[in-house]
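S.K.: Just need the structure, nothing else, for what follows:
(chains A, B, C and D)
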There are 2 protein chains.
Amino acid sequence: MDKNLKRMATMHRMQVTGLELFYKNGYYNTSIDDILKSLSLSKGAFYYHFQSKEDFFVSIVQNLIVRKVYSMLIEPIEGKENPFSVIENCFENALETAEHNEMDYGFILSNFISEFNRRNTVISNYLMDIYKVWEVNLVSILQKGKSDGYVDRHVDSEGVATYLISSYMGVRTLMVQGNCRNLRYKYMQQLRHYFSSLAAKEIA
Amino acid sequence: MDKNLKRMATMHRMQVTGLELFYKNGYYNTSIDDILKSLSLSKGAFYYHFQSKEDFFVSIVQNLIVRKVYSMLIEPIEGKENPFSVIENCFENALETAEHNEMDYGFILSNFISEFNRRNTVISNYLMDIYKVWEVNLVSILQKGKSDGYVDRHVDSEGVATYLISSYMGVRTLMVQGNCRNLRYKYMQQLRHYFSSLAAKEIA
DNA sequence: TTTTTTACCGACCACTTGGTCGGAAAAAAA
DNA sequence: TTTTTTTCCGACCAAGTGGTCGGTAAAAAA
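M.R.: Purely as a prediction, here's the structure:
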């Protein structure tokens, strides 16, 4: 982790460019040559560092995609106070980032989940692991929200988490085709609506 | 439409098998040879009926995918009474069908929308057209629900439609990886929760 | 300085891709 | 029956595909 600095640097460059192109064109529609060309590197360099295209992608999942999802959707939520406002802010922020990103091809996680669904179980599992961490985190903040008096005690936290993730994945898919601002606005409005039906009732 | 019966039959066979494989493996990960092999047909037959792979897929969208979405998600809703119960039944039914389908690779429409996003605008547009029809239909039934006293008048019908479609696309993506029964149950429960927050208030 | 290890090059391989084309059965029309 | 049209065959092509391998600079170790 000290001596092989050059190694790490090159691998990282490959991973970054690889993710860019995979995200842009899809995994099966991106060749290793494409990636190498845009890096001015050779086949030899690639297969010196990675065993195969699949191995390469797995390393991208573990190094880059995990971090992306973490920093955008998990960390902003962990251990905060009012679940509803925290999640609301987090989603709003994530959608706004996507909206202003010229190169948006949808939610990276759900894109790859659906591309690899049943086609490559190894990769699918790595992706589902990320999804599960996200889910667990949502559930735990909702549970905490119950003890803190924000969330109604009758609410099914796991159900809410599933519903949140589903809807988020869905809008992100729809957003790619443009009209993002409008979609985001409508989505956030309904999200608040939904949340209002889950809030703890005022004690009269 | 009478003389070229054989023509239609062969084209239809190709389209059906084509959709099967495209849905299963993805468009870019399925070759024409794959389809031809499973039909015991030759290249010549294919290019006699279709101009290109893209042209072929467009015909599949217009003939098969449109109908699928229509019969599963649009027709069961058109012009019915209580929007909430109608949509609820429709979604429940659609999810159950998917759940019991051995070969489920996610919601066909959203799968292809994300596969072609920004990679093939021609096909993307055809897919988005279907999505739009679905949306329009949801909006119109919600609006009708307002005049019929089911839906609260302050509700933003377009927002609700967007939210519904998003969440549906999302669960369908999640369902592929198994645990469908549980996902469906949780999803439907939250959907009802959400709907309850949109219902017209009882006149005291 | 010499030796060894690390990092990279690029020709090459077997195979697959979408697509073409001359021809030949099969069916329809004459 | 003969002719024409429709439908399909399959060899072929150029352009990729993921992956291998013998070799070589440059850096590190000796």
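
S.K.: Closest approach to DNA strand C from chain A, which residue is it?
M.R.: DNA strand C sits closest to A:Gly44 of chain A, with a gap of 1.7 Å, by C-beta to the nearest atom of the strand. Using the backbone N, CA and C atoms, a C-beta is placed for each residue, glycine as well.

S.K.: which ones are touching that residue?
M.R.: With contact set as C-beta atoms under 8 Å, 6 or more residues apart in numbering or on different chains, A:Gly44 has no partners.

S.K.: For it, which three-state class applies?
M.R.: helix (DSSP: H, G, I helix; E, B strand; the rest coil).

S.K.: So for it, what's the pLDDT?
M.R.: pLDDT, A:Gly44: 96.

S.K.: Can you tell me which residue of chain A sits closest to DNA strand D?
M.R.: Closest point on chain A to DNA strand D, by C-beta to the nearest atom of the strand, is A:Ser31, at 3.1 Å.

S.K.: before we move on, which element is the most centrally placed residue in chain A in?
M.R.: With distances taken as C-alpha atoms, centre = their mean, A:Val69 lies nearest the centre of chain A, 3.8 Å away. Element membership of A:Val69 [criterion: DSSP states H and E] is helix A:66-69.

S.K.: Would you map the helices across chain A?
M.R.: Assigned helices in chain A, in chain order: A:5-25, A:32-37, A:43-49, A:53-60, A:66-69, A:83-100, A:108-116, A:121-147, A:157-175, A:180-196 (criterion: DSSP state H).

S.K.: Quick check: which of those helices is nearest to B:Ser52?
M.R.: Closest to B:Ser52 of those is helix A:5-25 (C-beta to C-beta; 19.1 Å).

S.K.: and that closest one, how far from the chain's centre?
M.R.: Its chain's C-alpha centre and that of helix A:5-25 lie 18 Å apart, by C-alpha atoms, centre = their mean, to the nearest Å.

S.K.: Surely A:Gly18 touches A:Ile60?
M.R.: Yes. At 5.7 Å, A:Gly18 and A:Ile60 qualify as touching, with contact defined as C-beta atoms under 8 Å.

S.K.: okay, the two: which has more neighbours?
M.R.: Neighbours per residue, other C-beta atoms under 10 Å in any protein chain shown: of A:Gly18 and A:Ile60, the larger number sits with A:Gly18, 26 against 23.

S.K.: Contact residues of chain A facing DNA strand C?
M.R.: Counting by C-beta under 7 Å from any atom of the strand, chain A comes close to DNA strand C at A:4, A:6-7, A:10, A:40-45, A:47-49.

S.K.: Buried ones among those?
M.R.: A:Thr10, A:Leu41, A:His49 (16 or more other C-beta atoms under 10 Å in any protein chain shown).

S.K.: For the residue lying closest to the second one once chain neighbours are set aside, give me its contacts.
M.R.: Counting by C-beta to C-beta, 6 or more residues apart in numbering or on different chains, A:Met14 is the residue found nearest to A:Leu41 once chain neighbours are left out, at 7.3 Å. For A:Met14, the set of contacting residues under the criterion of C-beta under 8 Å, 6+ apart consists of A:Ile35, A:Leu39, A:Leu41, A:Ala45, A:Phe46, A:His49, A:Phe50, A:Phe56.

S.K.: Could you do A:Phe195 as well?
M.R.: A:Phe195 touches A:Phe84, A:Ile87, A:Glu88, counting by C-beta under 8 Å, 6+ apart.

S.K.: Can you pull out the low-pLDDT segments for chain A?
M.R.: Scanning chain A for pLDDT under 70 picks out the ranges A:1-3, A:202-204.

S.K.: How is it divided into domains?
M.R.: Using automatic domain parsing, the domains assigned to chain A come out as A:1-50, A:54-196.

S.K.: Give me whichever of the ones you listed is most buried.
M.R.: Comparing the domains of chain A by mean neighbour count (mean count of other C-beta atoms under 10 Å in any protein chain shown), domain A:54-196 ranks first with a mean of 18.

S.K.: ok now that one, how far from the chain's centre?
M.R.: 6 Å.

S.K.: near DNA strand D at all, that domain?
M.R.: Yes. Domain A:54-196 lies within reach of DNA strand D by C-beta under 7 Å from any atom of the strand, at A:Glu54.
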